[in-house]
Every structure is written in structure tokens, then in C-alpha cells.
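compute the structure for the input listed below.
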Amino acid sequence: MTKAPPNPYLVLAVSIALPGVGQVLNRQPMRGLIFVFFVILLGGFTLKTAAPDVSVVGKFAGGLFVWAMAIFDAYKTARVRQAVWLHAQTTKG
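Prediction:
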């Protein structure tokens, strides 16, 4: 019997709290590290290039966008892995 994948809602909650950790829970640590790298890179880029009168959210918009993509990616991957695992468990003879 193979180990059950993590609960998708747990992965979602962890991804919202910390970028890239949802991918680590999904056993994709390199993918998580890449997301963290781009959150920092694009967050820093928009911070340096944003006009002085832009809000804090606007100053970190690049990093927040990648963070949102990381949340979606981690949750989607967890949902697919759980569905595949459940299907494999129900079709076992």
C-alpha cells in the first residue's frame, strides 16, 4: 500500500502562509524553491521599479503574483494526486 498524498486543504493552507512549502509537501522541493526564488526576484524588481506613490501591494505585485500562482499550483497538484491515489485504492482487487 502506497502512502496517501497530503490533504489538498492542508497544502492550500500552507501555500497561503509560505510560498513554495505547498510544493514541498507535494514532494516537489525543487519546484518550491523555484517559486520562492521568483517571488523574491519579482517582488524585489517591482519594489525597485514602482513609482513612489504606489501602494505596498503595488510595490510587491510581481512577487505576489508568483505567490498566487504557487498557491494554485500546489493545490491543483495535491487535488490531482489525491484523486489518482483514491482511484488506485478503489480499483485494487
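
check contacts around the residue positioned nearest the centre of the chain.
Of all residues in the chain, the one closest to the mean position by Cα atoms, centre = their mean is Ala70, 2.9 Å from it. For Ala70, the contacting residues are Ser15, Pro19, Gly20, Gly22, Gln23, Gly32, Phe35, Val39, by Cβ atoms under 8 Å, 6 or more residues apart in numbering. Glycine gets a C-beta too; all of them are placed from N, C-alpha and C.

next one: Pro29
If you count contacts by Cβ under 8 Å, 6+ apart, Pro29 has them with Gln23.

quick check: pLDDT value at it.
You'll see Pro29 listed with a pLDDT of 97.

which neighbouring elements make contact with the helix or strand bottoming out on mean pLDDT in the chain?
Of all helical and strand segments in the chain, the minimum by mean pLDDT, DSSP states H and E falls on helix 56-59, at a mean of 92. For helix 56-59, the contact count by 3 or more Cβ pairs under 8 Å, 6 or more residues apart in numbering; DSSP states H and E identifies helix 29-49 as packing neighbours.

so how far is the helix it packs on off the chain centroid?
Its chain's average C-alpha position is 12 Å from that of helix 29-49, according to Cα atoms, centre = their mean, to the nearest Å.

now do stretch 55-72
In this view, stretch 55-72 has its centroid 12 Å away from the chain centroid, taken as Cα atoms, centre = their mean.

can you tell me the element Gly62 falls in?
helix 61-91 (DSSP states H and E).

list the buried residues in that helix.
For helix 61-91, the buried set under the neighbour-count rule, 16 or more other Cβ atoms under 10 Å, comprises 61-64, 66-67, 70-71, 73-75, 77-78, 81-82.

so for that helix, mean pLDDT?
If you average the pLDDT values across helix 61-91, you get 96.

how many degrees apart are that helix and helix 29-49 in direction?
Between the axis of helix 61-91 and that of helix 29-49 there is an angle of 160 degrees, by axes from the mean of the first three to the mean of the last three Cα atoms, to 10 degrees.

got phi/psi on Gln28?
Dihedral pair for Gln28: phi -130, psi 60, per degrees, to the nearest 10.
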